[in-house]
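Trainee: fold the following and give me the result.
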Amino acid sequence: MKYYVVDAFAKQIFEGNPAAVCIMEKWLSADLMQKIAMENNLSETAFAVKEGNRYHLRWFTPGGEIDLCGHATLATAYAIANFVETNISSIHFTTLSGQLVVTKKGELYEMDFPSYKLQQVPVTDVIAEALNVRPIEAYLGRDLLCIMEDESQVFGANPNLDKVKELDGLLVHFSAKGTEYDCVSRTFAPKCGISEDPVCGSGHCHIIPFWANRLGKTALVARQASPRGGTLYCRQEGDRVSLGGYATLYSVGDIRI
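Mentor: Below is the predicted model:
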């Protein structure tokens, strides 16, 4: 089975977030897809099957299937547009998070995603001890969003991952207002078998609604400040978030199953 490794939210390889993409004629068992994701050992492996005029898309981390993934959706759209249906400009996906659309605009891919509703939660000593820094605010959606006083605390993030596993939420995001960008962030996901997610699209479905409201603007440029790094071009549109990014191909392989 052919698969692609695509660096998402990147203009050149070794940046952004790598995802493996398997575009198949028919579904494999969930157990086999999980084993492939574990073998790939990337933050996400995406599996897609065309059903009618849409692609049914599923995302697996090494730790299990999840309900939404931005960078692997971008990577899948890139693989389809460049290797499967090269004349396509709009790709429709059926997913656990509903219907998603990715629109290709030149080299930029824009993803229409749902935004998560955030509930403010107390900043406890448990949160501060897990993060090794005390955020000034914390919010819970699917993930835990921790707002830092200064972007230097995001750049220098060094959480205790064993303690992060005990916090509420699937992923943990550090975020702050940026100087060069509207906002900066880092994402940690030990519950998914991932220490740090280099660029997290679904995380920005938490981050962008917060900063759009806080900064009073709908169009934002966000930077994920992981060692690999990645830039997202975002818009808050009601209860939806548009996430734009570039992608580039790292490799094409063959899975012998």
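
Trainee: what about the closest residue to E129 other than its chain neighbours, how many neighbours?
Mentor: Of all residues not flanking E129 in the chain, K163 sits nearest, at 6.1 Å (Cβ to Cβ, 6 or more residues apart in numbering). Yep, even glycine has a C-beta here, placed from its N, CA and C like the rest. By the measure other Cβ atoms under 10 Å, the count of residues near K163 is 15.

Trainee: ok, L96 next?
Mentor: Count around L96 with other Cβ under 10 Å applied: 12.

Trainee: check contacts around it.
Mentor: Neighbouring residues of L96 by Cβ atoms under 8 Å, 6 or more residues apart in numbering: R58, E65, I66, D67, L68.

Trainee: name the residues of the strand or helix carrying T94 that come out as buried.
Mentor: Using DSSP states H and E, T94 sits in strand 90-95. Residues I91, F93, T94, T95 are the ones in strand 90-95 that count as buried (16 or more other Cβ atoms under 10 Å).

Trainee: try stretch 165-174
Mentor: Here stretch 165-174 shows L167, G169, L170, L171, V172, H173, F174 as buried, counting by 16+ other Cβ under 10 Å.

Trainee: residue contacts, A20?
Mentor: Contacts of A20 (Cβ under 8 Å, 6+ apart): Y3, Y4, V5, I36, A37, N40, L42, E44, T45, A46, A75.

Trainee: bridge partners for the first one, pull those for me.
Mentor: It refers to Y3. Judged by DSSP bridges, the bridge partners of Y3 are G253.

Trainee: just checking, it touches I255?
Mentor: Yes - using Cβ atoms under 8 Å, Y3 is in contact with I255, at 5.7 Å.

Trainee: give me the common contacts of these two.
Mentor: Common neighbours of Y3 and I255 (Cβ under 8 Å, 6+ apart) are C22.

Trainee: looking at the two, which is more packed in?
Mentor: Y3 (20 against 13).

Trainee: average pLDDT for the strand holding T94?
Mentor: The average pLDDT within strand 90-95 is 97.

Trainee: which residues are contacting it?
Mentor: By Cβ under 8 Å, 6+ apart, strand 90-95 touches 48, 51, 53-59, 67-68, 73, 76-77, 80-81, 99-104.

Trainee: partners of it, with directions?
Mentor: Assessed with DSSP bridges, strand 90-95 is paired to strand 54-61 (parallel), strand 98-105 (antiparallel).

Trainee: now the helices for this structure?
Mentor: For the chain, the helices defined by DSSP state H cover 30-40, 70-79, 125-131, 151-155, 161-164, 204-215.

Trainee: deepest of these, which one?
Mentor: Highest mean neighbour count among those (mean count of other Cβ atoms under 10 Å): helix 70-79, with a mean of 30.

Trainee: ok, now how distant is V84 from M148?
Mentor: 41 Å (Cβ to Cβ, to the nearest Å).

Trainee: and the two? Which one has more around it.
Mentor: Taking other Cβ under 10 Å, V84 and M148 do not tie; M148 has more neighbours (24 against 15).
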